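In: Structural data only, the sequence is not supplied:
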């Protein structure tokens, strides 16, 4: 079969021929793949710097995708074998995909939903009428997150980022306030403090960490002993702006901040089942109805070597079709 094949760690996958995968045990399914997204995780595993980098080479790359089971059912699944190939093996924990949902969009959505719906719904337990701040919202996951927050009834949706054009676009997705990240940390702290005083922020979903997050964290610090606690649930789901922050005891003692993370290591097996069986089907349905949007750039499998490292427009996911 044809696939995107990695021959050496750190190199770009190449279009080529490789043996078809074979179902090894009960509960596994053969999938005829039609679309697979290329994500940061895929690139990290190929680079050889990820803890889950490929060991046995050559290997087909790609962690998840959309395709058809042998009975003709269209599904999204995570690969037991590499997914950017004509065929792949997936587990039984797959998710049906609406027939009228474009395969490329269906392939692009799950990773973004995992990085936005799970922080919002499972970790922060967003309630209707609450106010949400997305820090670093101009990427694929942030854009999807804004739409999901609106769907679940968030009142105020505040978004930060460096791309003014994308921030303006997010208003069409449900954002009510936009904030271009300034270079000065104290300025950002003051801006968030002003917003927090007018519309108390209940939930923060952070994709940046580093200095921008440090500035936002400082904005929630109480200034005197008469400060009344306001619960703020903060969920980190990325570290695009830095790996470390300085967290002082005073910040945690002066207000009711609940700081947590969202990722595979922080989600239980049961929560991931809820993702596949409840949250993802609901989001697929919204997308099929034109109520959840994601931008994709689609290329055929034959072009994998040329497009693997191609710069994408802000908020756009690369998808390979077969």
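Out: Perfect, thanks for sending it. Quick caveat, the model's predicted, so the values are computed rather than measured.
In: I'd assumed residue 168 was in contact with residue 138.
Out: No. The pair residue 138 / residue 168 is not scored as a contact, 10.4 Å apart, by CB atoms under 8 Å. Every C-beta, even on glycine, is put in place using the N, C-alpha and C of the backbone.
In: tell me what the one helix or strand residue 113 maps to is packed against?
Out: According to DSSP states H and E, residue 113 maps onto helix 103-114. Packing partners of helix 103-114 (3 or more CB pairs under 8 Å, 6 or more residues apart in numbering; DSSP states H and E): strand 29-38, strand 64-68, strand 74-78, helix 140-151, helix 280-288, strand 295-300, strand 316-321.
In: so where is this protein shaky, pLDDT-wise?
Out: Where the chain drops to pLDDT under 70, the residues are 223-229.
In: need the helices for it, in chain order.
Out: Applying DSSP state H to the chain gives helices spanning 40-47, 103-114, 117, 140-151, 164-171, 185-198, 210-219, 249-254, 269-274, 280-288, 304-307.
In: Out of the ones you listed, which gets nearest to residue 74?
Out: Closest to residue 74 of these, according to CB to CB: helix 103-114, at 7.7 Å.
In: So what touches the closest one?
Out: With CB atoms under 8 Å, 6 or more residues apart in numbering as the test, helix 103-114 has contacts from 34-37, 39, 41, 64-67, 74, 76, 95, 97, 140-141, 143-145, 148, 275, 279-280, 283-284, 287, 292, 294, 296, 298, 317, 319, 321.
In: Count the residues that sit near the residue lying closest to residue 138 once chain neighbours are set aside.
Out: Excluding the flanking residues, the one nearest residue 138 by CB to CB, 6 or more residues apart in numbering is residue 161, at 3.6 Å. Residue 161 has 26 neighbours, counted by other CB atoms under 10 Å.
In: same thing with residue 129?
Out: By other CB under 10 Å, the residues close to residue 129 number 10.
In: Surely it and residue 149 touch.
Out: No. In this structure, residue 129 is not within contact of residue 149 by CB under 8 Å, at 11.7 Å.
In: per-domain residue ranges of the protein.
Out: Structural domains annotated on the chain: 2-112+292-321, 124-261, as defined by the TED database.
In: For these, give me CSV that also has distance to residue 271.
Out: Formatted as CSV, the domains of the chain follow (distance: least, CB to CB, whole Å):
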stretch, distance to residue 271
domain 2-112+292-321, 13
domain 124-261, 12
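In: So which of those is nearest residue 270?
Out: domain 2-112+292-321 (12.1 Å).
In: That closest one: how far from the chain's middle?
Out: In terms of CA atoms, centre = their mean, to the nearest Å, the centre of domain 2-112+292-321 is found 16 Å from the chain centre.
In: Quick one: end-to-end distance for it.
Out: Domain 2-112+292-321 has an end-to-end distance of 12 Å (criterion: CA to CA, to the nearest Å).
In: Next: stretch 146-161.
Out: By CA to CA, the extent of stretch 146-161 from end to end equals 13 Å.
In: One more: stretch 248-261?
Out: 18 Å.
In: Ok, stretch 3-18 next?
Out: Across stretch 3-18, the terminal residues are separated by 7 Å (CA to CA).
In: list the buried ones in it?
Out: For stretch 3-18, a neighbour-count test (16 or more other CB atoms under 10 Å) marks 3, 4, 5, 6, 12, 13, 14, 15, 16, 18 as buried.
In: The fourth one touches residue 55, doesn't it?
Out: This points to residue 6. No. Using CB under 8 Å, residue 6 is not in contact with residue 55; the gap is 11.0 Å.
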